[in-house]
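[1] Below are the sequence and a predicted model; questions follow.
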Amino acid sequence: MGTILKLENLNYSYIDGGYERQILKDLSYEFEEGKFYTVLGPSGSGKTTLLSIISGLDTASSGKIYFNNQDIEELGLHNYRRNSIAIVFQQYNLIGYLSAVENVEVAMCETDNKLPKDTRNVAYNLLERFGIVRTKAERLVGQLSGGEQQRVAIARALASNVDLIFADEPTGNLDTATEQEIIAIFKELAHDFGKTIIVVTHSNTVAEMSDNRVLLRDGKLNSL
């Protein structure tokens, strides 16, 4: 497995009460393709900030991020976000007035990646793979349980055929049994689909079932 995402000497700080608070300090790390990573760290260590930076939603004050050996700023942050990554949020961030299958199908219209022409059928198949049968796929997402909505969010992330899937506390609102099911899906995405999964979490259960645990502390990222 080769390196798909390389972080090189990232620095990030902000002003808090007149003082500069440095969150990332010459942070470097390499993520390999086809693996499921969890990022751990104490509250306030900058886990969500790091996720925002590596997903192109925020920028570091210095340092470089390489996707498949290409600087993401040279690639273009818009193109990087559109065609290379997907994000699964704790609050799902689904479109409430659309059905589950429509939420997945919309993601397929927002990428330049090559996709099958029959997007509706692909969306149904993806949802069914993650336990959302057709009758549920046709319901408005607000009519689904939290675990089902998270499955829809994961199917949506996979639908655009990206290589990197980031998740921010994706099981924080779920019960233990559903959490286990979501973890199993992440492992399947990494091992069977070859995706690189990077999950920010406080959950020891999620961390213990990942391929690689990474600790963010004192501005540095280190494998556990």
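    Cool, got the structure.

[2] quick check: longest helix of this protein.
    helix 176-191 (DSSP state H).

[3] Arg82: neighbour count?
    Counted with other CB atoms under 10 Å, the neighbours of Arg82 add up to 16. C-beta here means a position set from N, CA and C on the backbone, and glycine is covered the same way.

[4] That one belongs to a helix?
    Yes - judged by DSSP: H, G, I helix; E, B strand; the rest coil, Arg82 forms part of a helix.

[5] Now for it: which residues touch it?
    Shown in contact with Arg82 (CB atoms under 8 Å, 6 or more residues apart in numbering): 110-112.

[6] Quick check: the gap between it and Ala153.
    Arg82 sits 18 Å away from Ala153 when distances are taken as CB to CB, to the nearest Å.

[7] same deal with Pro42?
    The separation that Pro42 has from Ala153, given CB to CB, amounts to 27 Å.

[8] cool, Leu57 as well?
    The gap separating Leu57 from Ala153 is 17 Å, by CB to CB.

[9] So which residues of the protein form helices?
    47-54, 72-75, 77-83, 100-108, 119-129, 134-137, 146-159, 176-191, 204-208.

[10] And the pLDDT for the closest residue to Ala157 other than its chain neighbours?
    With CB to CB, 6 or more residues apart in numbering as the criterion, Ala157 has its nearest non-adjacent residue at 3.6 Å, and that residue is Ala86. We have a pLDDT of 92 for Ala86.

[11] who touches Ala86 in this structure?
    Ala86 touches 107, 156-158, 160, 162, 164-166, counting by CB under 8 Å, 6+ apart.

[12] can you check Ser28 too?
    Contact analysis of Ser28 by CB under 8 Å, 6+ apart lists 7-10, 221.

[13] rewinding a little: between Pro42 and Ala153, which has more neighbouring residues?
    Ala153 (28 against 12).

[14] Test my guess that that one contacts Phe89.
    Yes - using CB atoms under 8 Å, Ala153 is in contact with Phe89, at 7.0 Å.

[15] okay, and the common contacts of these two?
    Pro170.

[16] Just the closest of the contacts of Ser28 to Ala177, please.
    The shortest approach to Ala177 among the contacts of Ser28 belongs to Leu221, at 31.0 Å (CB to CB).

[17] distance of the closest residue to the closest one other than its chain neighbours from Asn79?
    Nearest residue to Leu221, sequence neighbours excluded (CB to CB, 6+ apart): Tyr29, at 4.4 Å. Plainly put, Tyr29 is 23 Å away from Asn79 if you go by CB to CB.

[18] go on, Ile53?
    Taking CB to CB, one finds Ile53 at 17 Å from Asn79.

[19] More neighbours: which of those two?
    When neighbours are counted by other CB under 10 Å, Ile53 and Asn79 differ, and Ile53 comes out ahead with 23 against 12.

[20] Neighbours of the closest residue to the more buried one other than its chain neighbours, how many?
    The shortest distance from Ile53 to any non-neighbouring residue, by CB to CB, 6+ apart, is to Ala60 (5.3 Å). Using other CB under 10 Å, Ala60 has 21 other residues around it.

[21] Just list the residues touching Ala60, thanks.
    Per CB under 8 Å, 6+ apart, neighbours of Ala60: 10-12, 24, 53.

[22] Now do the phi/psi pair for the closest residue to Lys25 other than its chain neighbours.
    Nearest non-adjacent residue to Lys25, counting by CB to CB, 6+ apart: Gly219, 3.1 Å away. Dihedral pair for Gly219: phi 80, psi 0, per degrees, to the nearest 10.
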